[in-house]
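1. Sequence and computational prediction follow.
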Amino acid sequence: MYSMPELSPRRAAILAFIRDRVAGHGRPPSLAEIAAACGLASRGAARKHVLALAEAGLVELAAGQARGVRPAGMRARADLLRLPLLGRVAAGAPIGADAGLADTLTLDARLFSAVPDYLLRVQGDSMIEEGILDGDLVGVKRTPEARDGQVVVARLDGELTIKRLERGRHALRLLPRNPAYAPIEVAPGQDFAVEGVFCGLVRRG
């Protein structure tokens, strides 16, 4: 009868976390997520424990993948997301948003860095250096908060645009990623809100 190698409490917790993430989320955790969840100081510390679990035959590693660890013999399944497509967002001058439901798509969760709440269709070419092209469907995680440098969907004077957020000491700017477009300065008191953060895209042929 097979017996599991004896594990320290820390490694047992790491193995349980990996199993739970694959079973519940459909994909393995990253080293950074393992470190954060299991109280480790760094990704390097997480990697040492994961390598030890692999040597014990308890996990399998896929070379060259950021999420390349999974419990031995356990297949990672591709989570499918059903996401509403809610109109358009401008990669150019801001445009009014169609709030109506245009479609519902079923997509692989692995397309996105975080689970999006909805999709918007891009109109314009101001974000081409970010790899966001006219006609792309962008996944948006709904949140009113965003860090400096994040690509956001913002509402400006009632209209939507997708740009990189720059938080200066005294001002906000929305930066295009195409030299043909000028940054948008957000004036004090102007109607402005972050609607969500960009977390991936779908390009349909």
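-> Yep, that arrived.
2. which stretches of this protein form strands?
-> Secondary structure of the chain by DSSP state E: the strands cover 59-61, 69-71, 80-90, 103-108, 118-123, 137-142, 151-156, 159-167, 172-175, 184-186, 192-202.
3. Tell me which other helices or strands the lengthiest helix in the chain touches.
-> Using DSSP state H, we find that the single longest helix of the chain is helix 9-25. Applying 3 or more CB pairs under 8 Å, 6 or more residues apart in numbering; DSSP states H and E, we find helix 9-25 packed against helix 31-38, helix 43-55, strand 69-71. (Each C-beta comes from the backbone N, C-alpha and C, glycine too.)
4. Could you pull out the buried residues of that helix?
-> Within helix 9-25, the residues scored as buried using 16 or more other CB atoms under 10 Å are 11, 13-15, 18-19, 21-22.
5. Beta-bridge partners for the closest residue to Leu120 other than its chain neighbours, please?
-> Leaving aside its sequence neighbours, Leu120 sits nearest to Val89 (CB to CB, 6 or more residues apart in numbering; 4.1 Å). As for beta bridges, Val89 partners with Val122 under DSSP bridges.
6. contacting residues around the residue most central in space within the chain?
-> Residue closest to the average C-alpha location in the chain (CA atoms, centre = their mean): Ser113, at 2.2 Å. Applying CB atoms under 8 Å, 6 or more residues apart in numbering to Ser113 gives the contacts 199-200.
7. re the thing from before, what angle separates the longest helix of the chain from helix 31-38?
-> 120 degrees (axes from the mean of the first three to the mean of the last three CA atoms, to 10 degrees).
8. just to revisit the earlier point, Serialize the buried residues of helix 9-25 to CSV and add fields for pLDDT and distance to Leu31.
-> Converted to CSV, those look like this (pLDDT from 0 to 100; distance: CB to CB, whole Å):
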residue, pLDDT, distance to Leu31
Arg11, 89, 14
Ala13, 89, 15
Ile14, 91, 11
Leu15, 90, 14
Ile18, 87, 11
Arg19, 84, 16
Arg21, 79, 12
Val22, 75, 15
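9. ok, the residues you listed vs Gln150, which is closest?
-> Nearest to Gln150, judged by CB to CB, of the buried residues of helix 9-25 is Arg21 at 24.2 Å.
10. Check the offset of stretch 27-39 from the chain's centre.
-> 15 Å (CA atoms, centre = their mean, to the nearest Å).
11. mind giving me the domain split of the protein?
-> Under the assignment automatic domain parsing, the domains of the chain span 9-71, 80-202.
12. if we can go back for a sec, dump the buried residues of helix 9-25 into JSON lines; add distance to Leu160 as well.
-> Compiled in JSON lines, the buried residues of helix 9-25 are given as follows (distance: CB to CB, whole Å):
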{"residue": "Arg11", "distance to Leu160": "47"}
{"residue": "Ala13", "distance to Leu160": "43"}
{"residue": "Ile14", "distance to Leu160": "42"}
{"residue": "Leu15", "distance to Leu160": "44"}
{"residue": "Ile18", "distance to Leu160": "39"}
{"residue": "Arg19", "distance to Leu160": "40"}
{"residue": "Arg21", "distance to Leu160": "33"}
{"residue": "Val22", "distance to Leu160": "36"}
